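1. just a sequence and a predicted model for now, questions to come.
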Amino acid sequence: MNYNSKYDFHSKRLGFRNWIDSDIKKMVEINSDSEVMRFFPATVTFEQTQNFIQRMQKMYKERNYCYFAVDELETGNFIGFIGLCYQDYEAEFTPCTDIGWRLDKKYWNKGYATEGAKRCLEYAFDVLELEKIISTAPMINKPSIAVMEKIGMQKILEFKHSKLKDFPKIENCVCYEINRK
């Protein structure tokens, strides 16, 4: 299969692309799963998901990156997102470019988040020529922190997330960073 026509880039098992309207329903299913969203304030509604995808499409046009829609190459199935996002919320490390992921739980424990994040870092450093990427997570989100460490990121600080001050269980966060080599 010629992946180049559909995907901006790919890893061994994953294809990375901009969002399309047919992704909305699939992403709503992921965002409404309480297990997937256990380290977030709440599950995400249809309207919130639609707004998120529109923001990602706009960011993609403006910056040549976003939290990319990701497909499993073998099946063509949409599995969630992995990618980069410009962040400017109130924190000592912003504005910055963040790396993040959210996958359908059917695709957990297959190494996809790590594989995809490594490939997105290559894209960030080699194609976009960004100097630094950060990632944040609530301190209790051990699975995401494990991915950050597997992709070579280093913990730089602990902080109280300004957008999570009403959610004490997840307000205490960590920030990891990796620099262009």
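-> Sure, I can see it. Here the structure is a predicted model, which is why all the values come from computation and not from measurement. Numbers count the residues shown, from 1 in each chain.
2. what comes up buried for stretch 109-129?
-> The neighbour-count check on stretch 109-129 (16 or more other CB atoms under 10 Å) flags 112-121, 123-125, 128 as buried. All C-beta atoms are positioned from the backbone trio N, CA, C, and that covers glycine.
3. next, Ile30: secondary structure please.
-> Of the three states, Ile30 takes helix under DSSP: H, G, I helix; E, B strand; the rest coil.
4. what's the spacing between the closest residue to it other than its chain neighbours and Phe167?
-> Nearest in space to Ile30, with sequence neighbours left out and distances taken as CB to CB, 6 or more residues apart in numbering, is Asp104 at 5.0 Å. Per CB to CB, to the nearest Å, Asp104 is found 24 Å from Phe167.
5. looking at the two, which is more packed in?
-> Between Asp104 and Phe167, Asp104 has the larger neighbour count (other CB atoms under 10 Å), namely 18 against 13.
6. show me what contacts the more buried one?
-> Shown in contact with Asp104 (CB atoms under 8 Å, 6 or more residues apart in numbering): 26, 29-30, 33, 36, 78-80.
7. generate a PyMOL selection restricted to the buried subset of these.
-> Buried residues within the contacts of Asp104, by 16+ other CB under 10 Å, are selected in PyMOL with:
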select buried, resi 26+30+36+78+79+80
